[in-house]
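Asker: Pasting the sequence and the predicted model now:
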Amino acid sequence: MVLRYLNQDEILKVAINLEEEGYLFYTKAAALSRDDSSIKVFSFLAEEEAQHLRFFQSLDLPIVAETGRGGEIDDEISLYLRNLVDSGIFTFDPTPENQRFSSSLSILEFAIEVEKNSILFYSGILDLNNDPKVKESLQTIIREEKKHLIRVLSLLQKEREKRN
C-alpha cells in the first residue's frame, strides 16, 4: 500500500490538498446556496478549511527549507492521492437541489462526516507508518482535525437548539 511509504512532506501535502479541496467545496457551496443560513454555515466551514490550510502550510515550510524540495511530490504518489481525494471526501454535489444540503443542519452533519473520515484516514496512515517524523506530523494533523470536529459539533448543537 502506497500510504505506508509516504514521508513527512508527502503527508503534509496530503493534508494541504484535502484542506484545499474542502475550501473549494465549501466556497462553491456557499456561492450556490439560496438561503442565508446555509450561506453562513458554508462560509464558516470554508474559512475553517482555509485556516487549516494555512496551518498545514506553515508546518510544511521548515521541511521545504530543510530538503530544498519544491511543492511537488512523486508522480505515482501524486496520482494515487488525487484519485483518493477525487473519489473520497468531497464528492457530493453542493448545489441547493441536492437534498443532502437542503438545510444548515444537513450541511453541518455532512461536515461532521467529512471530519470523521479525515480523522480515520490520517489515523490509518499513522498506524501504517513507522517514521517518527511522519508520526509526529500525523498526530498534529489529527489533533487539528479533532479540534475542527468539535467546533462543527458545537455549531450543530447550537443550530439544533435554535430550531427547538
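Answerer: Received, thanks. Every value quoted in this text rests on a predicted model; they were computed, and no experiment measured them.
Asker: Isn't L12 up against S137?
Answerer: Yes - with contact defined as CB atoms under 8 Å, L12 counts as touching S137 (6.0 Å). In short, each C-beta sits where N, CA and C put it, glycine included.
Asker: shared neighbours, those two?
Answerer: Applying CB atoms under 8 Å, 6 or more residues apart in numbering, one finds that L12 and S137 are jointly contacted by L59.
Asker: Just want to know which of the two has more residues nearby.
Answerer: When neighbours are counted by other CB atoms under 10 Å, S137 comes out ahead of the other of L12 and S137, with 28 against 25.
Asker: how far away is that one from D36?
Answerer: Relative to D36, S137 is positioned 38 Å away (criterion: CB to CB, to the nearest Å).
Asker: ok, now F25?
Answerer: Counting by CB to CB, the gap between F25 and D36 amounts to 20 Å.
Asker: what's the answer for L138, then?
Answerer: 38 Å.
Asker: same check, this time on L59
Answerer: Between L59 and D36 the distance is 35 Å, computed by CB to CB.
Asker: same thing with R143?
Answerer: Where D36 is concerned, R143 sits at a distance of 33 Å (CB to CB).
Asker: do A46 as well
Answerer: From A46 across to D36, the span is 15 Å (CB to CB).
Asker: Of those two, which one has the most company?
Answerer: A46 (20 against 9).
Asker: Next up, identify which helix or strand the more buried one is on.
Answerer: A46 is part of helix 36-67, with elements assigned from DSSP states H and E.
Asker: Give me the buried stretch members for that helix, please.
Answerer: Under the neighbour-count criterion of 16 or more other CB atoms under 10 Å, helix 36-67 has 38-39, 41-46, 48-50, 52-53, 55-56, 59-60, 63 buried.
Asker: packing partners for that helix?
Answerer: Under the contact definition 3 or more CB pairs under 8 Å, 6 or more residues apart in numbering; DSSP states H and E, helix 36-67 sits against helix 8-32, helix 104-128, helix 132-163.
Asker: export those helices to a markdown table and tack on mean pLDDT?
Answerer: As requested, these are arranged in a markdown table below (pLDDT from 0 to 100):
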| stretch | mean pLDDT |
| --- | --- |
| helix 8-32 | 80 |
| helix 104-128 | 83 |
| helix 132-163 | 87 |
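Asker: Cool, thanks, talk later.
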